[in-house]
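> Turn this into a structure:
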Amino acid sequence: MLNKNNFYFIGIGGIGMSALARLLLSRDKNVSGSDSAESKVTDGLVQEGVKINFEQVSENISDDVECVIYTLAIPDDNPELVTAREKGIPTFLYSEMLGKISENMKTIAVSGTHGKTTTTAMISDCLRASEINPYTIVGSLMAESGTNYLEGDTDLFLVEACEYKKSFLNLSPEILVITNIEEDHLDFYKDLEDIQNTFLELAEKTSGKIICNPNDKNLAPVVDMFLDKIVDYTKYIDKVPELNVLGKHNILNSAAALAVSDILDADLDKSKQALSVFKGTWRRLEYKGENENGAILYDDYAHHPSEIKSGLESLKEKFSNKKVSVIFQPHLYSRTKEFFDDFVKVLQIADKVYVLPIYAAREKNNSSINSEMILEKITDGTYLKDFNEAKEIVKVATSEDVVVTMGAGDIDQVI
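Okay, the predicted model is just below:
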């Protein structure tokens, strides 16, 4: 399929989809697509010459389209997908197309419940500092380049590997990074053991090294049969330089990046220098500036209790003389319900808690769970019915405040 010339992406504004679109553009392919709404990502693609339709109708699938790529979020009755199949045009999930690229390249797959995006971006910077330039797909926009795709000049393919619905099993890793494993995506997986078994399948597919913390209690059952392949990234912690990005979790991400650098014979001193100036990625505890009163503003993609905990603790540590307020948009009814008690606990790390309605994403409305239920368990919490109310909180914050918006939905629009 990579020898075809005309590709159409349904849901091209997705962060992974847009990166794949850029990869095909770099190979002089004709790329077009559709999405439900304009965004920072689609704006960037349009500037690069991609035609994007913001109404998904069957007429968009012209006769010259040779391959259609779509995401898991696209339902089977999507008019564009239905038309493509009726016309006999080959259709592939995003993860399936990644797999086709991976088959023909030396793949570095970065997996894990948390930290995939940042670790992938760190690895890219570390390797490029030694002029090792992999084709790179990251699940966010990198601060330095402003893109989620970087062109390569080697046979290396560095890619963020998502576990949702076992998507990463399409990849063929030569090097596998597993940052950590926790319960998540329980709208698909039954339990932690089910998740571990899926990571085990990926480890079995890996032809070379597995970079992880083999002493992590959730990881140990996955990797204990691959001891000859394991590189323990915790042994690189003492080599991590002082970082610009906040949080103890980023020290672990950096250690994993140094481990990859070492395996690929990159200059570790250059890798350490790259980490010391690493500026992070879009929506990963991203500093957004100050409001007119001098309040410090951050935005974060955190949507799992562990991620929220790491983010809030990092801010509390950095700004110990200020009050930290969190404006949280829960992501998915199923996740909110499954981790309800954990959300209540970790949100209270903040000095003030604001909660927006649940962002449903791919799920239908579920009346058995809502944001108000979280606030009933929090002493000093406030319900915000929409973004206008959230913006007011940001506007009136003072120089004594740090305000962070958190969630995997569209809450980044607030700041």
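> contacts, neighbours, all on C-alpha from now
Fine.
> In this structure, which residue is most central in space?
With distances taken as Cα atoms, centre = their mean, the residue of the chain nearest its centroid is Gly139 (4.3 Å).
> Do a quick rundown of the strands in the stretch 101-250 of the chain.
For the stretch 101-250 of the chain, applying DSSP state E, counting those that start in this stretch gives strands covering 106-111, 135-137, 149-150, 156-160, 173-178, 210-212, 230-232.
> could you redo those as JSON lines and give each row mean neighbour count?
Output for the strands of the stretch 101-250 of the chain, formatted as JSON lines (neighbours: other Cα atoms under 10 Å):
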{"stretch": "strand 106-111", "mean neighbour count": "26"}
{"stretch": "strand 135-137", "mean neighbour count": "24"}
{"stretch": "strand 149-150", "mean neighbour count": "22"}
{"stretch": "strand 156-160", "mean neighbour count": "25"}
{"stretch": "strand 173-178", "mean neighbour count": "25"}
{"stretch": "strand 210-212", "mean neighbour count": "26"}
{"stretch": "strand 230-232", "mean neighbour count": "19"}
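> Identify whichever of these lies nearest to Gly13.
Closest of the strands of the stretch 101-250 of the chain to Gly13 is strand 149-150, at 13.6 Å (criterion: Cα to Cα).
> packing partners for that closest one?
For strand 149-150, the packing partners by 3 or more Cα pairs under 8 Å, 6 or more residues apart in numbering; DSSP states H and E come out as helix 15-26, strand 135-137.
> related to what we said a few turns ago, can you tell which of the strands of the stretch 101-250 of the chain is closest to Phe343?
Closest to Phe343 of the strands of the stretch 101-250 of the chain, according to Cα to Cα: strand 106-111, at 23.6 Å.
> Can you list the strands that the closest one pairs with?
Under the criterion DSSP bridges, strand 106-111 sits next to strand 156-160 (parallel), strand 173-178 (parallel) in its sheet.
> ok so, going back, and the strands of the stretch 101-250 of the chain as TSV, adding mean pLDDT and distance to Ile308?
TSV is the format used below for these (pLDDT from 0 to 100; distance: least, Cα to Cα, whole Å):
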stretch	mean pLDDT	distance to Ile308
strand 106-111	97	19
strand 135-137	95	25
strand 149-150	94	27
strand 156-160	96	21
strand 173-178	97	20
strand 210-212	98	22
strand 230-232	97	26
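> For the ones you listed, give me CSV that also has distance to Ser367.
Compiled in CSV, these are given as follows (distance: least, Cα to Cα, whole Å):
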stretch, distance to Ser367
strand 106-111, 33
strand 135-137, 37
strand 149-150, 39
strand 156-160, 34
strand 173-178, 36
strand 210-212, 40
strand 230-232, 45
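> Can you tell me the SS state at the residue of the chain positioned farthest from its centre?
The C-alpha centroid of the chain is most remote from Asp63, which lies 34.1 Å away (Cα atoms, centre = their mean). The assignment at Asp63 comes out as coil when based on DSSP: H, G, I helix; E, B strand; the rest coil.
> Just the pLDDT for it.
Looking at Asp63, its pLDDT is 93.
> before we move on, what about Thr147?
pLDDT, Thr147: 86.
> residues contacting it?
140-141 (Cα atoms under 8 Å, 6 or more residues apart in numbering).
> same thing but at 10 Å, please
Shown in contact with Thr147 (Cα atoms under 10 Å, 6 or more residues apart in numbering): 15, 18-19, 22, 41, 44, 137-141, 281-282.
> Turn these into a markdown table, columns for distance to Val344.
Formatted as a markdown table, the contacts of Thr147 follow (distance: Cα to Cα, whole Å):
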| residue | distance to Val344 |
| --- | --- |
| Ile15 | 29 |
| Ser18 | 35 |
| Ala19 | 35 |
| Arg22 | 40 |
| Val41 | 32 |
| Gly44 | 37 |
| Ile137 | 34 |
| Val138 | 31 |
| Gly139 | 28 |
| Ser140 | 27 |
| Leu141 | 30 |
| Thr281 | 27 |
| Trp282 | 26 |
